[in-house]
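Q: Would you be able to build a 3D model of this:
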Amino acid sequence: MTALTPAARTGADHDRKLLLDLLRGLAAIAVIALHVGDIVFVPLMPGGYLAVDFFFVLSGYVIATAYDRRLSTTMRFGPFVGMRLIRLYPLFLVGAGLGLVKVLAQSHLHARFALDGGQLVLATVSNLLMLPYLLPYPSVFPLNAPAWSLSFELFVNLLYGWILFRARTLWIVALAVAAAVVIVAGPMLYGTDRLIAGSTADRLPFGLARVLYGFPIGMLLARLPAITARPSAKASMVLAAVLLLCLALPLTGAASLARDLAFVLVGGPLLVWAGSRFEVPPRWRRVAAFLGDLSYPLYILHYPIVLSVAFIGLRQGFAPATIIVASLAIAIAASIVAMRYYDGPVRVWLSRRYHRRESAMPLSATVIPS
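A: Down below sits the predicted model:
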């Protein structure tokens, strides 16, 4: 989540920007609301897909803040990649596993978009490798549709660790401008009034453009002069309200496209910039940290869960409101359990083993992260 991503936690807790944690947690909840609403035909957070672009900017900001200096001095590409995979893959694997159960059930029920044997094997192998499934299908990640953005997140992380961290500001600006041109051209080429998501095989270049705009913009924000963030309840509430309003507005036609492009190109980056300049008040810190921690599990695990809950609810004749509440509650509860009892312990175990292996190598072959 970024992503996406959503953006990964790095560094010590005292270095965290808790207002940004609050915002990314709210953005992840908006994504769930979007998907649940689509399933039961209720327009919840109709602009929730824009949260992905917010995640990309946030990811660029957080990663550059945490790693620019380290990659320029002591850290090498290999250890950086290892740390990113440890951060992203454990929960990605759980989401793919849940999605595989969902896809198998679709095949058993001969549902629409069910995959046959060969397609299922190819989709499973490619998706487990965090690679897109390129045959015709509504998503390049049949196992877990939102994972397309994690694939791009990993790609841009690799690009950053290889070359972007050392790129001059002018080149980063040029990359962002080129990506912005592609983003703006997409709706014109396809004659649509919405941002081109880039989550299908024929539109992958537009998904790539979204991450190659958002992530470099986040890097540029990280290169601005650092200031001490000032706690402000008013600023925190305003930024949270602006984010949710942008994602919630039920716009159509030219107004929808204008909102999409304005948020992707300007609004999302401004929210990250402002969120780095202010901080939540002390009494909000625990809630903000919790939402920040929950954002990635929620984003990567929710889709197969809410699809399954909604499928059962619709077949049983439950009201849309009941399905919405149940889907949100079960997805959030499952994400909390996965975060506390799986992701945290697994990442600690993997990090210890990885660092132990790195420290056993000759000094010329490894650098112990500070």
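Q: which parts of stretch 278-286 are buried?
A: Burial within stretch 278-286, assessed by neighbour count using 16 or more other Cβ atoms under 10 Å, is assigned to 278-281, 284-285. Any C-beta I mention is one placed from the backbone N, CA and C, and that applies to glycine too.
Q: residue ranges with poor pLDDT in the stretch 151-300 of the chain?
A: Low-confidence segments of the stretch 151-300 of the chain, defined by pLDDT under 70: none present.
Q: For it, just list every one of the helices.
A: Assignment of helices within the stretch 151-300 of the chain using DSSP state H, counting those that start in this stretch yields the ranges 169-190, 204-222, 233-248, 253-262, 268-277, 285-315.
Q: helices and strands around the second one, which ones?
A: Meaning helix 204-222. Contacts of helix 204-222 with other secondary structure elements, assessed using 3 or more Cβ pairs under 8 Å, 6 or more residues apart in numbering; DSSP states H and E, are made with helix 51-73, helix 147-162, helix 169-190, helix 268-277.
Q: Touching the last one from outside, list them.
A: Spelled out, that is helix 268-277. Defining contact as Cβ atoms under 8 Å, 6 or more residues apart in numbering, one finds that helix 268-277 is touched by 17, 19-20, 23, 50, 53-54, 57-58, 61, 214, 217-218, 221, 224, 227, 229-230, 235, 239, 242-243.
Q: now the angle from it to helix 51-73?
A: Using axes from the mean of the first three to the mean of the last three Cα atoms, to 10 degrees, the inter-axis angle of helix 268-277 relative to helix 51-73 is 60 degrees.
Q: how far is helix 268-277 from where the chain is centred?
A: Offset of helix 268-277 from its chain centre (Cα atoms, centre = their mean, to the nearest Å): 17 Å.
Q: same check, this time on the second one
A: Centroid separation between helix 147-162 and its chain, computed with Cα atoms, centre = their mean, is 11 Å.
Q: elements contacting it?
A: Contact analysis of helix 147-162 by 3+ Cβ pairs under 8 Å, 6+ apart lists helix 51-73, helix 77-108, helix 204-222 as its packing neighbours.
Q: Can you mark which positions in that helix are buried?
A: Neighbour-count burial for helix 147-162, counted by 16+ other Cβ under 10 Å, picks out 147-161.
Q: Would you confirm that residue 306 contacts residue 38?
A: No - applying Cβ atoms under 8 Å, one finds residue 306 not in contact with residue 38, separated by 9.7 Å.
Q: So for these two, which sits in the more crowded spot?
A: residue 306 (24 against 16; other Cβ atoms under 10 Å).
Q: How about that one, nearest residue that isn't a chain neighbour?
A: With Cβ to Cβ, 6 or more residues apart in numbering as the criterion, residue 306 has its nearest non-adjacent residue at 4.2 Å, and that residue is residue 327.
Q: The one you found and residue 303, how far apart?
A: Distance of residue 327 to residue 303, computed by Cβ to Cβ, to the nearest Å: 10 Å.
Q: ok, now residue 154?
A: 18 Å.
Q: try residue 75
A: Counting by Cβ to Cβ, the gap from residue 75 to residue 303 is 34 Å.
Q: So those two - more neighbours on which side?
A: residue 303 (25 against 20).
Q: Check the gap between the more buried one and residue 290 for me.
A: Noted for residue 303: a distance of 22 Å to residue 290, by Cβ to Cβ.
Q: hang on, the earlier thing: let me know which of the helices of the stretch 151-300 of the chain is tucked in deepest.
A: Using mean count of other Cβ atoms under 10 Å, the stretch among the helices of the stretch 151-300 of the chain with the largest mean neighbour count is helix 204-222, at a mean of 24.
Q: With only the CA atoms kept, save that helix in PDB.
A: The C-alpha trace of helix 204-222 is given here as PDB (Å, rounded to 0.1, in the frame of the first residue of the first chain):
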ATOM      1  CA  LEU A 204      -0.300  -2.500 -17.500                       C
ATOM      2  CA  PRO A 205       1.700   0.500 -18.900                       C
ATOM      3  CA  PHE A 206      -0.800   2.800 -17.200                       C
ATOM      4  CA  GLY A 207      -0.300   1.000 -13.800                       C
ATOM      5  CA  LEU A 208       3.400   1.300 -14.300                       C
ATOM      6  CA  ALA A 209       3.000   5.000 -15.000                       C
ATOM      7  CA  ARG A 210       1.100   5.500 -11.800                       C
ATOM      8  CA  VAL A 211       3.900   4.000  -9.700                       C
ATOM      9  CA  LEU A 212       6.600   5.800 -11.700                       C
ATOM     10  CA  TYR A 213       4.900   9.100 -10.900                       C
ATOM     11  CA  GLY A 214       3.900   8.600  -7.300                       C
ATOM     12  CA  PHE A 215       7.100   7.000  -6.000                       C
ATOM     13  CA  PRO A 216       9.500   9.600  -7.500                       C
ATOM     14  CA  ILE A 217       7.200  12.400  -6.200                       C
ATOM     15  CA  GLY A 218       7.500  10.900  -2.800                       C
ATOM     16  CA  MET A 219      11.300  10.800  -3.200                       C
ATOM     17  CA  LEU A 220      11.300  14.400  -4.100                       C
ATOM     18  CA  LEU A 221       9.200  15.300  -1.000                       C
ATOM     19  CA  ALA A 222      11.800  13.400   1.100                       C
END
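Q: Cool, thanks, signing off.
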